[in-house]
Structures are given as C-alpha cells and as structure tokens.
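Asker: Got a predicted structure plus its sequence, pasted below:
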Amino acid sequence: MSRDAFTYIVGGKAGEGVKKAGSTAANLFAAMGRHVFQMDDYPSLIRGGHNFVAVSTATREITSHYMKADLVVALDKRSYDAHREDVAKGGVVVYNSDAQEETEGVGIPMTAVAKEYPRPELRVGVSGAAALSAAIGLDKDEMADLITKEYKRDLENNIPFATAIYEAVAEKIGGRFPLEKGDRERPMFTGNTAIALGAVAAGLDVYLAYPMTPATTILHYLAKNERELGIVTMQPESEIAAANMAIGAAAAGARAMVGTSGGGLALMEEALSLAGMAEVPLLVVLSSRPGPSTGVPTYTEQADLKMALGQGHGEFPQIVASPGTVGEAFDLAAELMSLAWTFQVQTILLTEKHLSESRMTVEFDVDGAAWAEPRMHDGGPYKRYADTADGVSPLLFPPSSETVKFTSYEHDELGITTEEAADITLMHDKRNRKFATVEEHVRGLRTVNRFGSSGPLIFAYGSTTMSVLEALRVGGIEATVVQPVYLDPFPVWELEEYRDMSPIVIEQSAAGQFARLLAEKARIDAATVIKRYDGRAFEPEELAEEIRRAA
Amino acid sequence: MSRDAFTYIVGGKAGEGVKKAGSTAANLFAAMGRHVFQMDDYPSLIRGGHNFVAVSTATREITSHYMKADLVVALDKRSYDAHREDVAKGGVVVYNSDAQEETEGVGIPMTAVAKEYPRPELRVGVSGAAALSAAIGLDKDEMADLITKEYKRDLENNIPFATAIYEAVAEKIGGRFPLEKGDRERPMFTGNTAIALGAVAAGLDVYLAYPMTPATTILHYLAKNERELGIVTMQPESEIAAANMAIGAAAAGARAMVGTSGGGLALMEEALSLAGMAEVPLLVVLSSRPGPSTGVPTYTEQADLKMALGQGHGEFPQIVASPGTVGEAFDLAAELMSLAWTFQVQTILLTEKHLSESRMTVEFDVDGAAWAEPRMHDGGPYKRYADTADGVSPLLFPPSSETVKFTSYEHDELGITTEEAADITLMHDKRNRKFATVEEHVRGLRTVNRFGSSGPLIFAYGSTTMSVLEALRVGGIEATVVQPVYLDPFPVWELEEYRDMSPIVIEQSAAGQFARLLAEKARIDAATVIKRYDGRAFEPEELAEEIRRAA
Amino acid sequence: MTDDLGTYAENTWCPGCGNFAILNAVKSAVGSLEAKGVGRERIVMTAGIGCHAKIFDYLGLSGFYSLHGRSMATAQGLKLGNPDLKVLGFCGDGDAFGEGLAHMMYAAKRNSDITIVVHDNGVYALTTGQRGPTSARGYKGPSTPRGNTEDPFNPLVLMLEAGATFVARGYVGMVKELADLMVAAVEHEGFSFIQVLQPSVTFSNRYAEYNETVVPLEQPAASFDEALALARKTETLPAGILYRIEKPSNERALYGDWNPVANHPTRDERLAKVKAAVGRG
Amino acid sequence: MTDDLGTYAENTWCPGCGNFAILNAVKSAVGSLEAKGVGRERIVMTAGIGCHAKIFDYLGLSGFYSLHGRSMATAQGLKLGNPDLKVLGFCGDGDAFGEGLAHMMYAAKRNSDITIVVHDNGVYALTTGQRGPTSARGYKGPSTPRGNTEDPFNPLVLMLEAGATFVARGYVGMVKELADLMVAAVEHEGFSFIQVLQPSVTFSNRYAEYNETVVPLEQPAASFDEALALARKTETLPAGILYRIEKPSNERALYGDWNPVANHPTRDERLAKVKAAVGRG
Ligand SMILES: Cc1ncc(C[n+]2csc(CCOP(=O)(O)OP(=O)(O)O)c2C)c(N)n1
Ligand SMILES: Cc1ncc(C[n+]2csc(CCOP(=O)(O)OP(=O)(O)O)c2C)c(N)n1
Ligand code: SF4
Ligand code: SF4
Ligand SMILES: [Mg+2]
Ligand SMILES: [Mg+2]
C-alpha cells in the first residue's frame, strides 16, 4: 500500500462538538489547497453515544476517508477504545486524560482545562482543532485564525482554551505531521448540497420534503438558502403529501423535487404511478440507509436498487441514475431534472448516506449544468395527451384559455376518462413509445463511467465507486472500473463488450442486487461479488486487499 | 375452430339486473351438470352505461368466456349495438323492441311488458332468464323454477313477467339451442371467493381491507360470512392502516391477510418492508387492473408483475405467486398463507380482475388445502431473532412470561436496536439465509404447471393461462403450455430445459413484463410476445388465430 | 370543452343523484366569478376518485383528476406552484375524511388558499356502498353487513378545530345558495371548506330527511364557539357560511408576493445564484 | 430483560430529557397494574420512531417497535388479534399528529381499546429539531429557519372531537400522577389518550414554563363541553383526566366475546366450516 494521504479522526459524544471538529479539520486542509474527504459516523441519537469524523487529505484527488488514522483525537474514553486499533503505523492518539487512565498516546486533561471556562461540556470539542494544529505544525497565530474562522463565536474563551491544548500537544508531538500545501483551494460540499445545487441550477422552483435521514439535509440546506436561491421549500405533513403536492406544483408549471429515504419513498409509490399516468415531470431523490424498514438510519447501504427500479403499479417510463461522486451528484441532479421535464417522466436520483452526507473538495461545473425546459404547446386547440410520434405531448399550464386536464384515469387525448378498448390501447401505445424515446435520448448521454483500461475488470456504482477508486490508488492496483451511472434505462448498449467477461462486482448490499442487475439485464455474470453490509462504507486499504484476493 | 361451447351474452344498463341475469344463466348451466365460465364486463359507475355478462358453457372443461355468442339478450339499444357483431354463426339476438327500432333479431317489447308490473326498470333484467329458457327449450315450469330459485323475491310479479317474455321468445326461437346435460353439478365461484376460502381453509383469523376494485369482493364475501367462518373482518381508514394493523394482529398470533389493487399495494409498501424486518407473516392479495395509477378500475391487465416483485426498501425474502384458475386460486391462497407462517415472510398472491371477478364451475380440494402453522418456541429463554441455521427464528406471542420484541430497526437477537457493525452483518446474514431456506422449500412445491407436450412452446401465467388453454381447445391446437405459478422465487430450476428455445409468450401487458422476466431470470428469449392491453381478457377464438400465426 | 363549461363526456351519475346539483352550482358559480373578474382560465379544479369526482370530466375547467384521498394535496401543490390560480377541489366524504383525512386537517391548519367542496353522501358510493367516515352507526353496507360499528365524524367540527378560516355547509336541494357559497369560498383568501349534503339516491337517499332538516343560515357565527355549536346541531342542519375569519394564507406566509412559476428565473439568473451559493460554500 | 422492567440497552436520551420521567412512570404504572391483577406479560407496548420511541428498548415488555406514524395502527392490530392484551402505545407528537394523524383520529373514532401516550415535545427531536404538529407559530427549526408559519394543533381537542372516551394530560414533572393516569387509561375499556408534556432539553426546553403553568386537575369534566374548555386553556394547563365516558370498544362492537387468537380453530374445525361454505355456494 502506498499511503500518501493523511487521516485525522476525531471522536467523542454527540453534542460535544465532534462534527464541528471534523469539518474544521476538513476546511483547514482544503484551505491548504489539498484534496479532502470527510466522513461523519454518528448513531441515531442527539447527545452522548459515540460520534466520530474521519477526514483524509492528500495533494492528489481523494475519494474516500481512511480508517487507519495518523492522528486520532479522542474526546472521551469510548472514542479512545473505539479507535485505538485505528491508529496507522507512525500515528498517534491524543486523548482526554480526564476521561480515562493514563495509557498509550498523548494524554491531555481536556476536561480540566475546559472547566476553566464557561460551558465546559461544549468546549471540549475545540481540542480537536487545537491538537491537529499542533500536530501538523501550525503556529499559534495560525491556530487562532482557524478557531476564529471556524468557531466565530465566544472567541474570548475558545482561543485561550485552544491555546492551552495546543501547547500541551505541541510539547509532545508538535509538527510531527507536516503537511504539504496543495495546488489550489477548492470548496467542500456534501453530496446532499451538491444534489440541491444541481437541481437549483437546472431550474428548481419548489422543494417538498418530510425529514428523513439521510435525505434531510437537502431540506435544511434549501430551506436555509431559499430566498437567495429563488426557490420555495415546505415541510408538509407526510411524504405522501410531499409527493402529491410536488405533482400538483409541477402541473402548475413549477419545477418540483422531493427527497427522502427508502421508507419515505415507499409511501410515495402511489404518487409515482400517478406521475406516470398523468405524465407529470418530477425529480425524486432517494438516499439509502441500511434496511429493511427503519433499519439503521444514520448509516449507509445500497439495498434500495431493486426498489428504485420497481416502483409503481402499471407501466410507464421512468429514469433512475446514481452518482459516483459529489461532483457527479451536482451534474446528475441537474440532468435528471432536465430529463424529467423533457420527457414528462419521473426521474429518481438514487444515492446513499455515504455520498449524501460525506463532504469532499469539489469544483462544480455550474455552467455545464443541464437546464429543465418543457416542450410547450405552440398554440391552437390543446390536447394534454396528444398522440405524438415520440409519445411526448406538449405541455400547457393553467391559467390558459385552452383547457388542460391532467388525470390519473386512463384517458383520451384531451384527458377525459375512458374505458373504451381502443382508447386504452392508444394510450398504452403512446406511453410505450415514450419508453423508446427516453432510451433513445439516454443513449446520447454519458451513462457509464470508465476508469483505467487494464487489469481486472471491476463493476461498481453509486458511492461505492469512490471507495473502489481510492482502494485502487492506495493499493497501487491497475484495474478497469466500469460504473453505470444510469440504471434505468440500463445502458446495456455500453456494456455489451463485457458480456463474456467475469468481472468483480463491488457493492454495499447483502443480496448482491447490483450483481444480479448486471446478470439479468446485461448478462454479465460476476466471478466474485465483494459485499459490505454492516452500515459502513468500504475502507480503501481493506478493499484493496479484497480486490487483490479476488483478481 | 371447433365450437363445442354455447355462449350467452346479456347486456343492459348498470342497475337493470344484468349481473343477475348473467349469474342466473351460469347457475342454470351448472345445475345442468355442465362446465361454465362467466365474465362480467362493467364500467366504473353505479347506474346506466353498458354492462354485459358473457357466459360460456360446455360439457367439457371450459376456462374462458367467448365473445361470439349464440344467444344475445340486449336489454337496451346500446347493448344491441355493442353486441350485434358478436353474434356467432347460427346465433340470434333477442332485443328490447321498446328501446329501438325493429331490426335483425327477435324484438320483444320488454319495457312495455315490464310496465304491467311495479318497478318496471328493475324487472327488465328478468327477460334474460326468460329468453334463455325459451331458447334452450326449457318448459314453462322449469323456467318458473329457475326464477324462483334465483330471484327468490317478488315472484308473484317476476314469474308472470318472465312467462310473458318466454312465450314471445319461444314463438320465434323456442328450443333453438338444445343443451346436453353434463356429468354432474359443480358449484361456481369467483376467483375472489376462492382466494377468500383458501385463506380461511389455511387458518385465516383476520382480514383487513380498504375497498378497491377488483379486490373488494374478497372483503364483501368475508364480511358477510365472518361469523360462519370463524373469522374477523374490518375495513379501516386506509390501506396503510390495513397493512399495519394486519402486521400487529399477526404479531399477536392471528393469521392475517390484506387485499387490494395496485394503488393500495403502493400505499402498503412501507409496511411490507416492515414485515420483512420484523419477520412477521402476512398474506397480501394483489388483484390488478389496468394501470398506471387509477387506470381503468373495473377491467383487467397484468401490468403489476414488476411491482409485485420489487416492493420494499432493503433486502428480505418474500414469495410471489399467481394462480392460473379459480381452483388454483383456492389452493394457492392456502399455500401462501401456510408459507407466510412457516417462514415468517410476506407472501403476495398476484392475480387480475379477470380471475378475481370471473366465475367458473370448480371443485375445491378442501382437504388438500395447506394449513398455516408457525414454528413455535419450545420453552426456555426466548430470543425473537435467534440466529438459527436456516434463518427462521421460532415464534412466541404475548401474553408470555418471556419478552417478545418485534422491531423495524436493525436489532440483536432479542430485538433490541443495534447500530453495531457486527450485529448488522449478523442479521443481514440471517435474513440472507432465509432467502435460501425459502427457495429450498419452494423447490419442493409445484411451482410450474405444464399442459400438453408437443407443438409450439407457449409461456403464460396468471389468468391468461385460462385464456390460452381455451384458445388451444377451440383452435384444436396442440401446444406445450408452461405456466410458472411461482414468480419469486422464480423457478428457474424448472425452466432450464427451455433455455435455448424461443417460445411464444402470451400476457396482458403492453411492456411485456412477463417476457422480460423470463429473459432476465431464466434466459428464455421469446420469439413472439402476444400481448393484449385494452383492459379485456383475451378472446379464445382470436387468441387461437394469433397463436396459429405465431407458431 | 364547451362554452357553457360542459364537455363531451357522457354523464354516468344515477338519475336523481345529488351530484347534478353540485355540477350546476359550480357552473353558476364560475359564471358569477367571471362577472367579478375571476376568469375561468384562472380557476383550476381537482377531484379525488369516486362518484363525486366524475365532475372532473363534466366540467370544462383545467385541473387535475387526482387520487383517492390525495386531491387535497394536489390542490395545495397547484396553489403553491402558482398562487395566482384559484383552486377548487372536489372531494368525496371517503376521500376527504377517510383516506385523505390528514391532508384535509393540514390544509386547514396551514390555511392553504384553496377551496374544498366535499360531496358528503355518507358512503363510498362508487365502490358500491361501503360505510364511510360520515356513515351513521348501524349503516349496513357490503363491508358492514351487520351494521357500522363506528360513530360518524362531523366534518364541520373537524375543519373548525383544525383551523379552517372559512367553513360552510351547502345542500344540493339549494343550488343557488350553494353557488353563492362557492363564490364566497373562492373569494376568501385562505382555506375554505364546504360540506355539501349530497344524497346518493342509490345508497343514502336522504332527500326527504334533508328537505325537512336543512335550514338556511343567514350569517356566519359571531364566534368560534358559536360556529361549533351550529356545526353540532342535529335537529336542524344550518346551511350557509358558519364561520369566516381572516388569517394569512399558507402561501403568503411562506413566500409573500413570490410566485414560483411567474418568477421562474432565466437560466443565467439561476446560474448566477448557484455560483454565489457555491462561493458561500 | 430484568425484573425491574429494564433491559441491557444503553440509554441514549440527553441528560435531563423528559423521556426519563415517562420511563419511570411506566415502570411504576406496570407495578400498580400487576398489583391489580394485570400481569406484565399481558401488557404489550408499541412505539413509533423518534426519541420517545427509544423507550421500547429500555422497557422489558413485549411489543412492537413500529414505524414512524404507524404504531397506532400496529397497536390496534395487536388488540384486534388478541383482545386479552393490554396495549400501551408510545408516540411522538410528530408520530401521532403528523405522519400518523389519521390513525389517531380513527382509533379514537372507533374507540379501539388501546392506550396511547404521546410524548409531546412539540418538535421532531430525533431528526434534529424540525417543526412538528404542535410546534408554535414562529418556531425556528432547520426546516423553518425563518419561523414556523403554521399554528399548532391542540391534541386534546382533536382527540375529544374524534371521539376518544378517555382523554388526559400528564406532565413529566409529575411522575406519580402520570403513572396514575397510565393505570387509569389501561383500565379504561376503550380508546385512552394521554398527552404528556415532555420538554426536549435540546430543542424545546419548556420545563420552567410548564412548572409555572401546569396545574393538577382534581376530576374529569362533567360534560364534553367542559372537557373541551379545559383542553383549550392556555394560561394554565390542567393535568389529569379531562374526560372519560363509557362506550363499547371497537373490538367488542366488532366481535363481542370472540378472540381471534384464543378461538383459532383446529384444522378440522376450519375445514368443516369451509366445506359448509362451499356447499352454500
Ligand atoms: C388508494 C385507493 N384505495 C381505494 C380506492 C378505491 N376507491 C375509489 S373511490 C373510493 C371511495 C369513494 O368514496 P367517496 O370519496 O365518498 O366518493 P363517492 O363515490 O361517495 O362520491 C374508493 C375506496 C382507490 N381508488 N384508491
Ligand atoms: C416514513 C418515515 N418518514 C420519516 C422518518 C424519519 N423520522 C424518524 S423520527 C421522526 C420524527 C420524530 O418526531 P416525534 O414523533 O415527535 O418524536 P420525537 O423524536 O420528538 O420523540 C421522523 C420524521 C421515518 N422514520 N419514517
Ligand atoms: S351511486 Fe349515489 S353518488 Fe353515485 S352516482 Fe349514483 S346516486 Fe350518485
Ligand atoms: S433531543 Fe430532546 S427529546 Fe430527544 S433525547 Fe434529547 S432532550 Fe430528549
Ligand atoms: Mg361518498
Ligand atoms: Mg416530538
């Protein structure tokens, strides 16, 4: 393994400022012009328990955190115990010596120092930034600047507290991990922010969502920024309301999006079928967590693929795609919003907690974002469901002098209910043609990403792509990675060349859904399926080992 | 074509007694010891419109109605116009000469005659039985007996009215269609009644359902007979309530079933995933109508296959099967209830309006019905999710001195919530083993029906099987029909022998979902897919033509 | 779609059904609204699924034939998307107080500026007469052959308690008054609810009873408590506006004078906003 | 599961959370019920999803950790399946009056013989503080950063109007009284509702306010109207049983003394019934 990345883990209780300590570190690395990947690991609770943030950084692209850390800052004993095995060779643990007995590592009386200031329980987390600053050799002023920039408030206490910790750490391991500067400063975003901004770039008007981890932060981000972005957000009484309101809003001409996790999507299924019949554009974000059912709300898994592909009674075209990185999440959210409006279909952006909530340095191609533009009626008598050659009927929104009738019933071209055999066939044929139209168009898009061109053939999709790429980097493994971005229509036309190969398939599912999809749709039968389904993303070094064994 | 069946069609307005006229005819044929198939065609309205019932009968097994009728009774002009083309060679239309001008056929002033009695609008329908009796050569007493048996009430008006119609018809076509007696009298049931009784035979305790065509009559039948059958029914506030209540009832030890159509199943999706995680047995009846969305509520289609196979976020075993006949519906409902309880999984009985609401002569193998028997805990400390070798953990129901914790969260063996990597893996592995256990067991069941052994190879499933078999009969076509009864697990082990063949696939779906399933799961690629998707079941003579063309 | 607000769809309501009167009332109400400057092109309708909902096919208005129990959400979505629209939602009692109860309660709670007309026939008519939320205890339908074991909801009370700012009752035997209620409801800024007593001649033929008990109400109650008392009356059934107050509508409270559709930005405008947001990080 | 009704699960509520008091009250109530002859093995619990719901892991009782907004349906199902069980359902305010509102209203309407305890902290706590059905207008949470634009529901009023036959309010600052309410609720045959004022120290720390305003209520109101008036009070918040009446429970009304589980037939019995039904055609 060639470890050219530096990893920092900070752990403690929820409510102790662990997340803040993690993002502070990530921002620091990014400000140094480095590439950064930040993963938050937290249980489903508000205070206490064990939270940690793993931040890995390098001067080259980095697409995963590592679990072997160079520097661990353990704010409590539980964190020490949890991460003592996670220290890389040459690494060190800085721990809170008030929370446990003297042990290996650098013990700092964090609690005792914090008690010299008001609200000590909230202050302990600041130790993270202080210890990191010392360990990578920042000077005191640089550290104070960092605290000022990141914590903003209560600096008259935070800076002296941090300074005390800094000094204690510096005494033991000051400058132990000097970090090179990178080429330029990049912003950092989570996948959820990328999705939100991608949709906004494509023309989003209305976002409707009911809170559900790991999709919730899309709502939070958009609600906070709605005025600046020129959009409207609302949290209605349920996912059912969200989906049906979104469909209503779209029928008024507003670009609408909803976002949820598996349980919420399940509740939207009836509405998705409605969108199919009424031919209403809708972008749906499905961010997965381990299932079935409530499952493990704050962790990651790729077990909703089959669900995403099988929603809704009856037959109607839909588009499902899953981004491999935070940058791709931005592009894809815009593209899926655009496709929804081009074809009046629902599009599902399938992702996972690991992408939704992980944060990485990224530069969005804002100018390249797709734009959602409906095919509009160009005057004259209007038929909502005009029987066109490609199955797509022009849109018209009320208020209009022509009558515009959207409907859930089978209908004639004007949208009036029908039970006549000939009408039913006509409309089934129209929707059937739309399947073909959509597929034809999707063929023109970049539906599959390929990385590398020699070595073993690996298939992965979604956030697992990031893990695989990082595993190859750290393992120094040459491989060809194929990542289908589009899952429905499934880009078999791109995959024919792999039909007789026996690739390694890597996914975060116990049942091997993705491997099954490849076998069923593309007739590509995996030689080995590398699975992880304990709620945690793949760890690059471990994954590299597994790939090596399988290859 | 060898037309050895007699077909009777009666048409009129909803509310005019058309359904009654149809079932009266069907019962008459059954009482003659003949085989009968009755199909009700009605739009989604309460009064008016155009309803008709097609009843076909033969002295051999019959598994479809025909649309070319020997005798058409048209109670109104609309029915005359609708069915004038449906008259078979040698057939005749008896029409209401008060509702239209004199035309081809036997005109009878039904309305005028009815007006001699109270409530004439309700009486016109009785003409059906009268005309039929005359045409097949019953004598007046036999006809009066029929009216007495079927109409029961208001006989002092019904019999004289019927006699008047009878006499007028007899004058023109009396005894035109003499019908042989059959071997023995069989009862007649709809698919929905068969499903209801099959579930009851397996031990059903509680049926929960919200009305939705074409599943509604299961609720009606069970509600009407609940006392006699020793079960409980309830219509709650929504499908979501029905499914969640059923899961609650099952957790108390009650054998529970729910039934709905596609839109209702969509609303149950979250609960299905809950049943998967909590490992609660549940039998779900999904009776399809043309979709997507509200679609065409009172007609038939097979477009919910993909949905039935793709329900629920996360990964958990489920069983989906679809009966080919009313008799099989009885057996399968019992078997699926039994499987649900053996493996603590949800089982979906997928069917269509054409089976749910059509009525045929059938003899249930009541003694052969499967019985639902849970694997019970046999004392000692109890673990709801004990990690057993086959993945099935014994059940125990409260009240019990041991604590029994069902849960939607990922959990340890006792059902306490967990977020630990090792626990998550353990339970995923346990559920994964259950997939294998279920498949192993299902391999021992009759998962595929085969009919014939020479001629072209045809695949069909669900109620389409009945249409195909009747088409072969009437067309005198030798063919091999393969009908997968089980759809998940899909019995690939039974289908390997067909892998390199290019069969004809026949289904009621525009997208060809069943053909796709065969291609994807069993790698059987259809040469031709014969589809009908106008809401109507295949017509045997037409289908025979299509098969002949394709073969 | 014809000038008289009709369509070519065949009307399949039972002869004598109360729904005909509602259809006539809407046509007349739209006429009055047009006279007041609210053009029919701005009036959009929604409907659930059921006998009531067939009104969608019979009225030459734009709109959305939605799902059983969800049309109130669709209606709110239309309004949220374009607050210039006047949204007139037609619901069944099963729709509004069964499958869709939560949407009704929340539409009232948040005071969404839509009008909901509930065709209250006390039964699930289109699905052949099962008991519904407003069916009487003892009602015998095909799913309750030994009689309904639940007491009915009082829709007016529920809507008042949920926060509706316009609560009215109409009767199909009083078409002109019903039309006036619809006009007032549409003009009201906020959530307007009209319960229409609509006998189903087939399943709940209560014309005779209603003709006796329904009495016109001259003016809205002076207080919430008085409105509640009116809503609870059973010997006579007051028809008219029971309650009306002013409160900011959901849409106004959420985004003031913004209009998502009318203010939909150009691509350049939007990209500038996104770039600014990316800059803010 | 331990003798003191505890479990080995780690408690992850925030220090000071009102939920601890509810946990203690339940333990005490179960003790009292046992003393009265209702053994703990007959008491089953349900919970939604949320901070409140963690009580499921902390209590050594059988039951079902259900879904967000559905535990009231699960609870009714348990009771329907085996009416000998005493079902104690724990809900959040989001659970009960947001996602699951319709189930609550219908449980009350049909008078299902279950007890629902709502941990009312006025917020979606576990999902980090979004506004909920009982959040005040103006509440600033992460989904309403400029303030909640809706007025709160009054849970007591909704339950009274929906038909609940036992309606009570408890407060986590009055544990003994809360335990007594739970005992009375479980003993009541019919739908029992307890709103528990449960401050979330993290998101809605209203201890100080409640300590001022919550006042014990000596006895239930004499009439429905009086109960409603008590429920509407805002200057003081009466805690105790506001309303209690007798009415046949859903289960009794549906099937009298039948018990689906206890009366589950043998296979032979059942086949005989099916054969008889087949014979009837
Ligand atoms: C999800 C779903 N469940 C059930 C149905 C079946 N369904 C159609 S209309 C209806 C009830 C209609 O009752 P109501 O709303 O009172 O309308 P009415 O026919 O009485 O006017 C039902 C249950 C459906 N369309 N969708
Ligand atoms: C269908 C569904 N939607 C959303 C969620 C996410 N979720 C979990 S708990 C919760 C709200 C909790 O609020 P409340 O019921 O008041 O409980 P509290 O945490 O305040 O005790 C939500 C929205 C979910 N689990 N399921
Ligand atoms: S069934 Fe009742 S509600 Fe429906 S159309 Fe007929 S009379 Fe009207
Ligand atoms: S967030 Fe609030 S409700 Fe949840 S445990 Fe903490 S204090 Fe209690
Ligand atoms: Mg109704
Ligand atoms: Mg809460």
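Answerer: Arrived safely, thanks for sending. Ligands and ions are numbered 1, 2, ... in the order given.
Asker: surely A:Ala544 meets A:Leu469?
Answerer: No: judged on Cβ atoms under 8 Å, A:Ala544 makes no contact with A:Leu469 at a distance of 11.0 Å. C-beta here means a position set from N, CA and C on the backbone, and glycine is covered the same way.
Asker: Neighbour count: those two, which is higher?
Answerer: Per other Cβ atoms under 10 Å in any protein chain shown, whichever of A:Ala544 and A:Leu469 has more neighbours is A:Leu469, with 25 against 21.
Asker: tell me the contacts of residue 170?
Answerer: Answering for chain A, as no chain was given. A:Ala134 (Cβ atoms under 8 Å, 6 or more residues apart in numbering or on different chains).
Asker: actually chain C
Answerer: C:Ala25, C:Glu177, C:Leu178, C:Leu181, C:Met182, C:Ile194, C:Gln195, C:Val196, C:Leu197, C:Ala239.
Asker: Which of these fall in helices?
Answerer: Within those, residues falling in helices by DSSP state H are C:Ala25, C:Glu177, C:Leu178, C:Leu181, C:Met182.
Asker: Would you tell me which one of those residues comes nearest to B:His65?
Answerer: C:Ala25 (43.3 Å; Cβ to Cβ).
Asker: now the helices for the stretch 51-200 of chain C?
Answerer: Under the criterion DSSP state H, counting those that start in this stretch, the stretch 51-200 of chain C contains helices at C:55-58, C:71-81, C:93-94, C:101-109, C:155-162, C:175-187.
Asker: Highest mean neighbour count across the ones you listed, which stretch is it?
Answerer: helix C:71-81 (a mean of 32; mean count of other Cβ atoms under 10 Å in any protein chain shown).
Asker: Can you classify the closest residue to A:Lys68 other than its chain neighbours by secondary structure?
Answerer: In space, and not counting its chain neighbours, A:Lys68 is closest to A:Ala88: 4.1 Å by Cβ to Cβ, 6 or more residues apart in numbering or on different chains. Following DSSP: H, G, I helix; E, B strand; the rest coil, the label given to A:Ala88 is strand.
Asker: that older thread, looking at the helices of the stretch 51-200 of chain C, which is closest to chain A?
Answerer: helix C:71-81 (2.2 Å; Cβ to the nearest Cβ).
Asker: For the stretch 401-550 of chain A, give the residue positioned nearest to ligand 2.
Answerer: Residue nearest to ligand 2 within the stretch 401-550 of chain A (Cβ to the nearest ligand atom): A:Gly535, separated by 16.0 Å.
Asker: For that residue, which residues are in contact?
Answerer: Neighbours of A:Gly535 in contact, by Cβ under 8 Å, 6+ apart: A:Pro290, A:Val296, A:Tyr299, A:Thr300, A:Glu301, B:Glu410, B:Glu419, B:Ala421, B:Ile424.
Asker: List only buried entries from those.
Answerer: A:Pro290, A:Val296, A:Tyr299, A:Thr300, A:Glu301, B:Glu410, B:Glu419, B:Ile424 (16 or more other Cβ atoms under 10 Å in any protein chain shown).
Asker: Out of those, flag the one nearest to D:Ala73.
Answerer: B:Glu410 (21.8 Å).
Asker: was I right about the closest one contacting A:Thr298?
Answerer: No: assessed by Cβ under 8 Å, B:Glu410 is found out of contact with A:Thr298, at 11.4 Å.
Asker: Quickly list what's touching both of these two.
Answerer: Common neighbours of B:Glu410 and A:Thr298 (Cβ under 8 Å, 6+ apart) are B:Glu419.
Asker: could you measure C:Gly6 against A:Lys383, distance?
Answerer: The gap separating C:Gly6 from A:Lys383 is 18 Å, by Cβ to Cβ, to the nearest Å.
Asker: what about these two, which has more around it?
Answerer: Remark: of C:Gly6 and A:Lys383, A:Lys383 carries more neighbours, 20 against 14, as counted by other Cβ under 10 Å.
Asker: Show the contacting residues for the more buried one.
Answerer: A:Lys383 neighbours (Cβ under 8 Å, 6+ apart): A:Ser393, A:Glu413, A:Leu414, A:Gly415.
Asker: Quick check on these: which are buried?
Answerer: Among those, those that count as buried by neighbour count (16+ other Cβ under 10 Å) are A:Ser393, A:Glu413, A:Leu414, A:Gly415.
Asker: Run me through the strand neighbours of the helix or strand hosting A:Ile319, direction for each.
Answerer: Per DSSP states H and E: A:Ile319 is located in strand A:318-321. Using DSSP bridges, the strands paired with strand A:318-321 in its sheet are strand A:346-352 (parallel), strand A:486-488 (antiparallel).
Asker: ok, residues contacting the shortest one?
Answerer: Contacts with strand A:486-488, where a contact means Cβ under 8 Å, 6+ apart, come from A:305, A:308-309, A:318-322, A:350, A:442, A:445, A:447-448, A:461, A:517.
Asker: what's the distance between C:Val175 and ligand 6?
Answerer: 47 Å (Cβ to the ion, to the nearest Å).
Asker: Repeat that for A:Leu155.
Answerer: 34 Å.
Asker: How about A:Val232?
Answerer: 25 Å.
Asker: give the contact list for that residue.
Answerer: A:Asp205, A:Val206, A:Tyr207, A:Glu226, C:Leu80, C:Leu254, C:Tyr255, C:Trp258, C:Pro260.
Asker: Drop anything exposed from these.
Answerer: Judged by 16+ other Cβ under 10 Å, buried ones among those: A:Asp205, A:Val206, A:Tyr207, A:Glu226, C:Leu80, C:Leu254, C:Tyr255, C:Trp258, C:Pro260.
Asker: I'd like the residues you listed laid out as JSON lines, including pLDDT, secondary structure and distance to ligand 5.
Answerer: As requested, the buried ones among the contacts of A:Val232 are arranged in JSON lines below (pLDDT from 0 to 100; DSSP: H, G, I helix; E, B strand; the rest coil; distance: Cβ to the ion, whole Å):
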{"residue": "A:Asp205", "pLDDT": "98", "secondary structure": "coil", "distance to ligand 5": "35"}
{"residue": "A:Val206", "pLDDT": "98", "secondary structure": "strand", "distance to ligand 5": "31"}
{"residue": "A:Tyr207", "pLDDT": "98", "secondary structure": "strand", "distance to ligand 5": "34"}
{"residue": "A:Glu226", "pLDDT": "98", "secondary structure": "helix", "distance to ligand 5": "39"}
{"residue": "C:Leu80", "pLDDT": "98", "secondary structure": "helix", "distance to ligand 5": "27"}
{"residue": "C:Leu254", "pLDDT": "98", "secondary structure": "helix", "distance to ligand 5": "32"}
{"residue": "C:Tyr255", "pLDDT": "98", "secondary structure": "helix", "distance to ligand 5": "35"}
{"residue": "C:Trp258", "pLDDT": "98", "secondary structure": "coil", "distance to ligand 5": "37"}
{"residue": "C:Pro260", "pLDDT": "98", "secondary structure": "coil", "distance to ligand 5": "33"}
